[in-house]
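Visitor: Here's my sequence, what's the structure:
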Amino acid sequence: MVKKETAEEKLLKIIEATKKAKGLSSAAVAAPAAAKISQPRISISLQQLNIVLIAALIAGFLFLVNEIRSGNVLLSEDVSIAIDVAAPKNAESVAVPQMKNISYYLDKITLRNIFQPYDKKAAEQSGASGAASLQAKMSKYKLVGVAWLDVPESATVMIEDVAKRETRFLREGDKIEDVKVKTIYTDRVVFSYANEEITIKL
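Guide: Numbering: from 1, shown residues only. Take a look at the predicted model:
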């Protein structure tokens, strides 16, 4: 008489069959993985790596030396900055400030000796001579006009040199023969020189 298989035995056979099938598939998968692992790798030894680094260091040093040498060549070359400026046609009418002799500046410095006591009479005499010299300096100039834009800081005074027939445009702070334009009003201009002031009206 044939023994009938129970449900538990059938289930046990199915589980054993699946385990055998998984074992075969894992062995099939393990074989290519082992083949991949067995492939030769590119390996660099420490000595070869040191040689590559030394070669890179030498190449960098040679590049630096070349840059320094080319820089020194550029430094030794003469640099010429030539700007061709066309002179104005009426160059004679352009007022260019001229440097005075050194004795002029020394006289101004030694006019008042700070190591000597103050003499009021001498100061008054120098003040009177300063006012006379300022009057003499400004006697050859004529105030032509005053012009300004929207703001008072843009005020410009027009002064004519009577002898040379030249007109100069000056702003506050500008000088003409060491006479400073102190203040510009709408109808007059105040000039100062050596602590003296003079007002010229239009």
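
Visitor: Please count neighbours and contacts with C-alpha atoms only from this point.
Guide: Fine.

Visitor: Would you map the helices across this protein?
Guide: 7-37, 46-76, 102-110, 120-138 (DSSP state H).

Visitor: What average pLDDT does stretch 14-34 get?
Guide: The average of the pLDDT scores along stretch 14-34 is 67.

Visitor: wait, stretch 100-117
Guide: 68.

Visitor: same deal with stretch 157-177?
Guide: pLDDT averaged over stretch 157-177 gives 86.

Visitor: start to end distance for it?
Guide: Distance across stretch 157-177, first residue to last, is 15 Å (C-alpha to C-alpha, to the nearest Å).

Visitor: buried ones in it?
Guide: 157, 159-161, 167-168, 170-172, 175 (16 or more other C-alpha atoms under 10 Å).

Visitor: Is it correct that residue 174 is in contact with residue 181?
Guide: Yes. Counting by C-alpha atoms under 8 Å, residue 181 is a contact partner of residue 174 at 5.7 Å.

Visitor: list residues touching both of these two?
Guide: Residues touching both residue 174 and residue 181 (C-alpha atoms under 8 Å, 6 or more residues apart in numbering): there are none.

Visitor: Number of residues surrounding residue 144?
Guide: Per other C-alpha atoms under 10 Å, the neighbour tally for residue 144 reads 15.

Visitor: just residue 188 next, same as before
Guide: A count of nearby residues for residue 188, using other C-alpha under 10 Å, gives 16.

Visitor: swap in residue 140?
Guide: Residue neighbour count, defined by other C-alpha under 10 Å, stands at 12 for residue 140.

Visitor: Spatially nearest residue to residue 179 (excluding sequence neighbours)?
Guide: Excluding its sequence neighbours, the residue lying closest to residue 179 (C-alpha to C-alpha, 6 or more residues apart in numbering) is residue 193, at 5.1 Å.

Visitor: The one you found reaches residue 180, doesn't it?
Guide: Yes. Applying C-alpha under 8 Å as the test, residue 193 and residue 180 come out as touching, 6.4 Å apart.

Visitor: and residue 196, how far is that from residue 182?
Guide: 11 Å.

Visitor: Ok, residue 103 next?
Guide: Residue 103 is 26 Å from residue 182, by C-alpha to C-alpha.

Visitor: Show me which of the two is the more surrounded one.
Guide: Neighbour totals were compared for residue 103 and residue 182, and residue 182 leads with 18 against 9 (other C-alpha under 10 Å).

Visitor: Return the residues in contact with that one.
Guide: 172-173, 189-192.

Visitor: Can you check what pLDDT the model gives it?
Guide: For residue 182, pLDDT reads 88.

Visitor: before we move on, what about residue 8?
Guide: We have a pLDDT of 83 for residue 8.
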